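Novice: give the three-dimensional model of this entry:
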Amino acid sequence: MRFLKLVLLIVVVFTAVDAFAQSSAELKRRREKLTQELEDLNREYLETASNKKSSLKQLSLLKAQITLREEKITNINSEVRNLDNQISENNNSVRSLQGQLDQLRKEYAGMVLFTYHNKSAYNKMMFIFAAKDFNQAYKRLKYLQQFATYRERQASYIEGTQKDLHVKINELDRTKKEKRDLLADQQKEKETLGKEKNNQVKVISDLSKQQGVLKQQQREVQSKIAKTNKEIAATVRREIAEARRKAEAEARAAAAAEKARLAAAAAAARVDNAPINTPTRPAPKAITKNSSNSEVLNATPEAAKLSNDFLGNRGSLPWPVASGVITQEFGTYYLDGIRTENTGVDIKTSSGAAVRAVFNGEVSNVANISGTYVVIIRHGEYFTAYSNLRSVSVSKGQKISTKQTVGTVATDGATGETEVHFDLYKGQNPVNPKIWLAPN
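Specialist: So this is what the prediction gives:
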């Protein structure tokens, strides 16, 4: 029974260790990814800073670095918590194995003492022949044989437990060292974060001395954003109106066809002098003026299936670029006191990178906005928009597949940034694209 408990303990411990290892491996992978992204951003920032003149690009890169570094510090905190749990589990395992080992050694010492007192063949024979009858003598003989086997097994248990204990102690030492290294890395990241925030303050201060240039850049950016949002909204409205028109036309055609079928059936019945017995077929749900945008956009089985498939991929859609970093999140933010509403996310990527569709769909519009392009794709009742494209490789009405290239990203002449702006709408309502994309 005691051996069974020991086996169960070891199974539970190693199961917990395996679960920890999976979580720890994922956190480590994310930390390494963040480190690589930070190195890329820092390299570009240093190139920009070498111009000796503060710019919006410097400020944007600093903000992206600060966001990523804060995420890395949070990631390290999670890793440290995991390691604390592992250290606690290992300490408990060491204490339990030590207790098991002590108990096994006590039992083994008792067996050794018994063996010592009965080490001679004479004592063993006396023990057997002192039995009351043959049956008892046979049982005593078997007992001595089993006792010797059990003693050997106990010695094996002790050896195995000692090995497990040694492994756990080594693992505990490695985990403690890993925690020390992580804490040192965390402290280094906090110090770097402080320097970056100081640099951000300095860049903002320098930019404030260039109010005229800065304001002009911001006005140009805001104007372009406003035009893009207006184009997307107009496209979605047109798609809804067109879907409504088609649904109403199909409903009228279906009603006319049903009326003609009933009339033909009635005429045939009069010729045959038979009673009219033609059941009315149920009509599909009609689209009316009171129908919601969702009902209109999902009026056809194909559109409804596409919407459902798109929704089913929430959190696992591919990124619109093969590699990139989000530099501006969805929502409201302020730049130099100017309030801006970001309906999507801005993703920094490499110069000339291909921009690709995140899901199957149909191109609803391709428009030129102040010298760059926006591509809008419909996925049932969902729409995705890809802005700030230098060139496009698709046209309106074209069917698109997941990860198909729709164009190449442009480099903004005013800020020097290479970013694609990505929007996601459900009907006419913008939603946060980040929660729909797969973890980067």
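Novice: pLDDT at residue 325, what is it?
Specialist: Residue 325 is assigned 85 on the pLDDT scale.
Novice: can you tell me the SS state at residue 314?
Specialist: coil (DSSP: H, G, I helix; E, B strand; the rest coil).
Novice: count the neighbours of the residue lying closest to it once chain neighbours are set aside for me.
Specialist: Spatially, and ignoring its direct neighbours in sequence, residue 314 is nearest to residue 436 (5.3 Å; C-beta to C-beta, 6 or more residues apart in numbering). Yep, even glycine has a C-beta here, placed from its N, CA and C like the rest. Residues within reach of residue 436, counting by other C-beta atoms under 10 Å, total 20.
Novice: what are the buried residues along stretch 403-414?
Specialist: For stretch 403-414, a neighbour-count test (16 or more other C-beta atoms under 10 Å) marks 404, 406-410, 412 as buried.
Novice: SS state for residue 23?
Specialist: Going by three-state DSSP: residue 23 is helix.
Novice: tell me if I'm right that it and residue 82 touch.
Specialist: Yes - when contacts are counted by C-beta atoms under 8 Å, residue 23 is listed as touching residue 82 (5.9 Å).
Novice: returning to what we had before: got the buried residues of stretch 403-414 as TSV, with pLDDT columns?
Specialist: Formatted as TSV, the buried residues of stretch 403-414 follow (pLDDT from 0 to 100):
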residue	pLDDT
404	96
406	96
407	95
408	95
409	95
410	92
412	70
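Novice: re the thing from before, hang on, the residue nearest to residue 314 packs against residue 319?
Specialist: No - if you go by C-beta under 8 Å, residue 436 and residue 319 don't touch, sitting 10.5 Å apart.
Novice: got any residues that touch both of these two?
Specialist: residue 358 (C-beta atoms under 8 Å, 6 or more residues apart in numbering).
Novice: what pLDDT, on average, does the longest strand along the chain get?
Specialist: Counting residues, the longest strand found in the chain (DSSP state E) is strand 382-392. In this model, strand 382-392 has an average pLDDT of 94.
Novice: direction included, what does it pair up with?
Specialist: For strand 382-392, the paired strands and their directions (DSSP bridges) read strand 372-379 (antiparallel), strand 405-409 (antiparallel), strand 419-426 (antiparallel).
Novice: mind checking these for the one nearest to residue 27?
Specialist: strand 419-426 (26.7 Å; C-beta to C-beta).
Novice: circling back to that earlier point, next, the buried residues of the longest strand of the chain.
Specialist: Buried, per 16+ other C-beta under 10 Å, within strand 382-392: 382-390, 392.
Novice: repeat that for stretch 169-184.
Specialist: Buried residues in stretch 169-184 (16+ other C-beta under 10 Å): 171-172, 175, 178-179, 182.
Novice: now residue 319: how far from residue 348?
Specialist: According to C-beta to C-beta, to the nearest Å, residue 319 and residue 348 sit 12 Å apart.
Novice: same question, residue 422
Specialist: With C-beta to C-beta as the criterion, residue 422 and residue 348 are 12 Å apart.
Novice: the strands paired with strand 382-392: which one's closest to residue 40?
Specialist: With C-beta to C-beta as the measure, strand 419-426 is the member of these nearest residue 40 (14.1 Å).
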